[in-house]
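In: Sharing a model that was predicted from the sequence below.
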Amino acid sequence: MARAARRRATGTLEQLLAAKEIVICCGSGGVGKTTTAAAAGAMAAARLGGKVLVVTVDPARRLANALGLESFGNVETRVPDSAFAEAGIECRGELWAAMLDTKQSWDDLVRQHAPDAATRDAILSNPLYTNITGRFVQSHDYIAMERLYEIHASGRYDLVIVDTPPTRNALDFLEAPERMADFFSSRLLRWLTVPYRSRLVNMATKPFYKVADTILGSAFLEDIAEFFLLFQTMYDGFVERARAVQRILEDKRTTFVVVSTLESAPLREAEYFMAALEERRFHLGAVVLNKVLPSYLLDADAAEAARRLSADPDAAAAALDGIGDQESVARVIGEVAQSFLNFRVVASREAEQRNELGRNPDVLASVPYFDSDIHDLAGLVRLGEQIWR
Amino acid sequence: MTTLLDRKLLFVTGKGGVGKTTIAAAIGTLAADHGKRTLVCEVDAKGNLSDFFEAGRTGFDPTPISENLFAMSMNTEESLKEYLSLQLKIPVIARIGPLARTFDFVATAAPGVKEILTVGKLAWEVREQHYDLVVVDASASGHIVGQLAAPEAIKELVQVGMVRDQTGWMLDILGDPARTGVVIVAAPEEMPVQETIELAERLRAETVVDLAAVVVNRVLPELFNAGEEALFEQLRQDEGSVAALARAAGGPVEPILDAAELAVNLRRSRAGHLQKLRDALAGTELLYVPYLFQRSHGVRATNRIAGHLGEELGF
C-alpha cells in the first residue's frame, strides 16, 4: 500500500476561505453545487468580512433563486444588508453576486483588445462571431475563466467564489485557457486564412480547401476567414490573456471545492474530477458532501428493532392501547419500520461510499439532508454553518 | 396522440444527476422488449451508458446488447468520416490530408458543426430506417437547446454548400412530432423542477423539436394516508406509546420514528414541487418512476425502471 496512512481531514472551510482569494466549486449537476457556492459566499461575507463575490457560470440560472434575487446579469449586484437582517444574521462584510453573461463578456473582451474602432465593429457584426458567442456552448468555458481573471485582477473583491458547469464541462473549463491559447497560435488558423490573405492558394493545401469548400460552401469559408483575420489582430492580447488565466488556476491563492452527494454516479464524477485536479497539480481545498442521510439510520439496535416491528406489526400494535383501531396502528407501525429499513439501505451504501472516497482533501464536510429546500439567505447560512467548522 | 415509443427519435435530457442515462437505457430496454429494433446512443463521450446495460465499452459502431437492442457512443470525428464517405461517394477523399486536422478545423473553427454531426448522424439513422427507435442519452439541459438548434443555426449561417443542403431533411425529421421528441427527466426537487419548466419553454421557443414527455424520476413512496398520518403524529407525541413501542420492538425506536418523519417531510416537500410541475406543463405527458432504495444503477435497475415506465405507459 503506497499510501498507507490515510490523512485525516484537518482543516476547516473557515480556514480555507480565510486564506484563499479564488474558490472554484465544481461537481456534477444536481448535487447542490450552486447552493454550496452561495452558502460559502454568504458565510465568508458574514463571518470573515470583506467583499465577497459569488459568480455562477452555469447556463441554467439557479444562483439567483438561492440568493433570493430576481435576476442579475453580468453586473455585480450587492445582496442588501436588509436581506441579512431579515434572516437574522449580522454580516461583517459585503456579499455580491453576478451571473455570467457570455455574449456580454465576449463583447467586452473584443472592445478591450481590438486595435481600432473599425476592427472592433467588424468583429462585433460578423455573423460568425455572433453565433460563436451567443449560441454555442463551448465559448462559455473560456469566457468564464477570462471573467474570473478580470474580476480577480481588478482587485474589487477579497474573495471570489465561482460556480462551474457540471464536471464533464468543468474539465473543459480547466483546459479552456490552454485550448484558447493553442487555438490562436495554431498553424491551422493561419493556414485557413492564407487564401484570403494572399489570394494565392498553395497547391499543397488545395485538397483541404476543396473538401472544406464542398462541405461548407465558399461564402461561409470567407465568413470564417474574415472572422479569424479580424481576431488575429487581437492575437497577442488574447494569448497573453489566456496564459494569465491559466496561471491563475495554478496560483496558490486559488483553491477548488468539489461538491458531491454520496450517490454513486455523482461521487464517481467527483473522484474523476479530483484525479484531474491532482494531475494538473491544482489545489483541492475541500470536498463538500451534500444531502447526507442522518446517522441514526445506521444505528444497529434500531435496525434490529425495525426488523422486529416489521415482522410482527400486529403484536406491537396490541401493545399500544388507546391510540386507534388496532389494524390501522399495525399498518402504521409496519410502514414506519419498512421505511426505516429502506432508508437504512441507502444510508449504509452512502456510508461505504464515503469511506471509499479515495483522496483525502484538507476539508471533508457533510451537509445533512434538509427537510425543505433552500431558497433564501437564512437557508444558505443554515447550510453554511454545517460546513463552516 | 402519439405514444412515446411510436416515435422514431427520442432525445432524453435533464438536469445533471436526475438519472438521465438510467431513463434513456430503460426506454431503450422497454422498446426492445416490445419488439422494436432500438438503438441507444450516448452523446457524452465520457458517459457510462454501458454500465446500465453491463455491456463493454460502447463505440461509434453499435454494440448488440440483447435482442433488438443496440448501444453506441457518439464520436463526431467518426460521424464526419461516415458522412464524407457517404456523401462524397469517393471514399478516398475522406482520407485526403490528415483527416484529424480537417476535422479540427471543421469542429473548432466552424461553430455548430460538432452539434450538427451529432444530430445529423442520429437523424440519418432515422431517415434510413435502420432502427424503429433511436433513443439518445443527450446533453444535459444546459446544452441540449444549442444542440437541437444547430441545424437551424447552420442554415442561417451557411448560405450554400453541402452542409446547408443537409439541414433541410434534418429539420424535417426533427420538427415532426410524429417522429421526434424530447424527453426531459426531472427529479421531484425544487431546482430540477424549475429547470424542467424553463427547458420546456426554451425548447418551444428556440427549437423545432416537440416535447414528448417528462419523466419524474425517484418519486418517494407515500408512507401514510391522511388518517394514518394523524395516528402516527399521535403515537409520536405520546411518550407512553413510544415507550410501549420500544418494549414491543425490543430496542430503540426513536431513530425509526425520526426516519419516518424524515420520509414524510421529504415526500411532502416533493409533492409541492410535483404540483408546480404539473401546473406548468399542463398537457404534457408526465411519467412517474419510483425511487429505488436498493440500487440506483446497473442492468437490474435499468430493467426495473423499464418495468415501471411500461406500467406508466399502460403496457
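Out: Received it, and whenever you're ready, just let me know what you need. Residues are numbered from 1 along each chain as shown, chains lettered A, B, ... in the order given.
In: Can you list the buried residues in the strand or helix carrying A:Arg241?
Out: Using DSSP states H and E, A:Arg241 sits within helix A:235-250. Burial within helix A:235-250, assessed by neighbour count using 16 or more other Cβ atoms under 10 Å in any protein chain shown, is assigned to A:Phe238, A:Val239, A:Arg241, A:Ala242, A:Val245, A:Gln246, A:Ile248, A:Leu249. C-beta: built from backbone N, CA, C; applies to glycine.
In: got any ranges where the stretch 251-389 of chain A has weak pLDDT?
Out: Along the stretch 251-389 of chain A, segments meeting pLDDT under 70 span A:358-360, A:371-373.
In: again, but for the stretch 1-150 of chain A
Out: By pLDDT under 70, the weakly predicted segments of the stretch 1-150 of chain A are A:1-9, A:57-63, A:65-66, A:68-73, A:131-141.
In: please redo it, this time with the cut-off set to 80
Out: Counting by pLDDT under 80, the stretch 1-150 of chain A has low-confidence residues at A:1-10, A:29-30, A:57-75, A:100-103, A:126-145.
In: which residue ranges form the helices in it?
Out: Ranges of helices in the stretch 1-150 of chain A, per DSSP state H, counting those that start in this stretch, are A:13-19, A:33-43, A:63-66, A:81-86, A:102-113, A:117-125, A:127-134, A:138-154.
In: Next, format those as a markdown table and append mean neighbour count.
Out: A markdown table is the format used below for the helices of the stretch 1-150 of chain A (neighbours: other Cβ atoms under 10 Å in any protein chain shown):
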| stretch | mean neighbour count |
| --- | --- |
| helix A:13-19 | 19 |
| helix A:33-43 | 29 |
| helix A:63-66 | 22 |
| helix A:81-86 | 14 |
| helix A:102-113 | 18 |
| helix A:117-125 | 15 |
| helix A:127-134 | 18 |
| helix A:138-154 | 21 |
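In: sorry, back to before: ok and the helix holding A:Arg241 relative to helix A:102-113, angle-wise?
Out: For helix A:235-250 against helix A:102-113, the angle by axes from the mean of the first three to the mean of the last three Cα atoms, to 10 degrees is 120 degrees.
In: ok and the residue in chain B nearest chain A?
Out: Of all residues in chain B, B:Gly16 sits closest to chain A, at 2.0 Å by Cβ to the nearest Cβ.
In: Am I right that that residue sits in a strand?
Out: No - using DSSP: H, G, I helix; E, B strand; the rest coil, the secondary structure at B:Gly16 is coil, not a strand.
In: buried residues in whichever strand or helix holds B:Ser79?
Out: If you go by DSSP H and E, B:Ser79 is part of helix B:76-87. Buried residues in helix B:76-87, counted by 16+ other Cβ under 10 Å: B:Thr76, B:Glu77, B:Glu78, B:Ser79, B:Leu80, B:Lys81, B:Glu82, B:Tyr83, B:Leu84, B:Gln87.
In: got the contact list for B:Glu42?
Out: Taking Cβ atoms under 8 Å, 6 or more residues apart in numbering or on different chains, we find B:Glu42 in contact with B:Thr21, B:Ala24, B:Leu49, B:Thr58, B:Ala71, B:Met72, B:Ser73, B:Met74, B:Val136, B:Asp137.
In: Okay, and the beta partners of it?
Out: Beta bridges link B:Glu42 to B:Ser73, B:Asp137 when assigned by DSSP bridges.
In: Which pLDDT value belongs to it?
Out: The per-residue pLDDT reported for B:Glu42 equals 93.
In: Please apply the same query to B:Ala301.
Out: At B:Ala301, the pLDDT value in this model is 91.
In: that older thread, only C-alpha atoms, please: export the helix holding A:Arg241 in CSV.
Out: The C-alpha coordinates for helix A:235-250 follow below in CSV (Å, rounded to 0.1, in the frame of the first residue of the first chain):
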residue,chain,number,x,y,z
TYR,A,235,-3.9,37.7,-31.1
ASP,A,236,-1.2,38.9,-28.8
GLY,A,237,-3.5,40.3,-26.3
PHE,A,238,-5.6,37.1,-26.4
VAL,A,239,-2.8,34.6,-26.0
GLU,A,240,-1.2,36.6,-23.2
ARG,A,241,-4.5,36.8,-21.5
ALA,A,242,-5.3,33.1,-21.9
ARG,A,243,-1.9,32.3,-20.3
ALA,A,244,-2.6,34.6,-17.4
VAL,A,245,-5.9,33.0,-16.9
GLN,A,246,-4.2,29.6,-16.9
ARG,A,247,-1.7,30.8,-14.3
ILE,A,248,-4.5,31.9,-12.0
LEU,A,249,-5.7,28.3,-11.8
GLU,A,250,-2.4,27.2,-10.6
